[in-house]
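Novice: mind folding the following:
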Amino acid sequence: MASEEGLCRASVAPPATPQHPALLAGPRPPYPRSARRRGAQGVVVIRAKIATTGDVLETTLARSSGAQDLDHAALRAVRRWHFRPATDGRRPVEAWAQIPVRFRLTGRRL
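Specialist: Okay, the predicted model is just below:
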């Protein structure tokens with residue numbers, strides 16, 4: 001009869017799936033007056049590299065709204081945002097994120 005003294009029991013966790021960065025805090029970009037006067041609206045897509053700390057390391061314009069002033073306002077705003085970093089298992093990792101920023105006029109304030 002074999003002794004159980006030398007045996008150990010281990011549980012196996014399912015493999016962790018990578019998690020993407022998620023926005024935690026960020027001020028809404030100001031609507032540029034020049035764009036407001038022209039009635040410019042649209043969606044800017046920013047590509048941002050998010051650090052393991054959640055800070056934005058780098059930004060690029062992935063897709064323009066068609067209005068340069070809106071694009072610049074979105075780029076400036078996203079640089080100040082803070083994210084929950086991406087993870088690989090439980091370890092935070094640098095990752096790129098695509099961030100849509102929508103500019104839509106709701107009133108007629110000029």
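Novice: list the strands paired with the helix or strand bottoming out on mean pLDDT in the chain, with their directions.
Specialist: Taking mean pLDDT, DSSP states H and E as the measure, the chain has strand 22-25 as its least confident helix or strand, at a mean of 88. The strands beside strand 22-25 in its sheet (DSSP bridges) come out as strand 82-84 (antiparallel).
Novice: list the buried residues of the partner strand.
Specialist: Going by neighbour count (16 or more other C-beta atoms under 10 Å), the buried part of strand 82-84 is residue 83. Where you see a C-beta, it was placed from the backbone N, CA and C, and this is true even at glycine.
Novice: starting at the chain centroid, how far to that strand?
Specialist: Distance, stretch centre to chain centre, for strand 82-84: 7 Å (C-alpha atoms, centre = their mean, to the nearest Å).
Novice: list the buried residues for the helix or strand that it is followed by?
Specialist: Sequence order places strand 86-88 as the next helix or strand after strand 82-84, per DSSP states H and E. By 16+ other C-beta under 10 Å, the buried positions in strand 86-88 come out as 86-87.
Novice: mind jotting down where the strands sit in this structure?
Specialist: 22-25, 42-50, 56-63, 82-84, 86-88, 91-93, 95-103 (DSSP state E).
Novice: least reliable of those strands going by mean pLDDT?
Specialist: For the strands of the chain, the weakest mean pLDDT is recorded on strand 22-25, namely a mean of 88.
Novice: which helix in the protein runs the most residues?
Specialist: helix 68-78 (DSSP state H).
Novice: what's the angle between that helix and strand 42-50?
Specialist: If you take axes from the mean of the first three to the mean of the last three C-alpha atoms, to 10 degrees, helix 68-78 sits at 30 degrees to strand 42-50.
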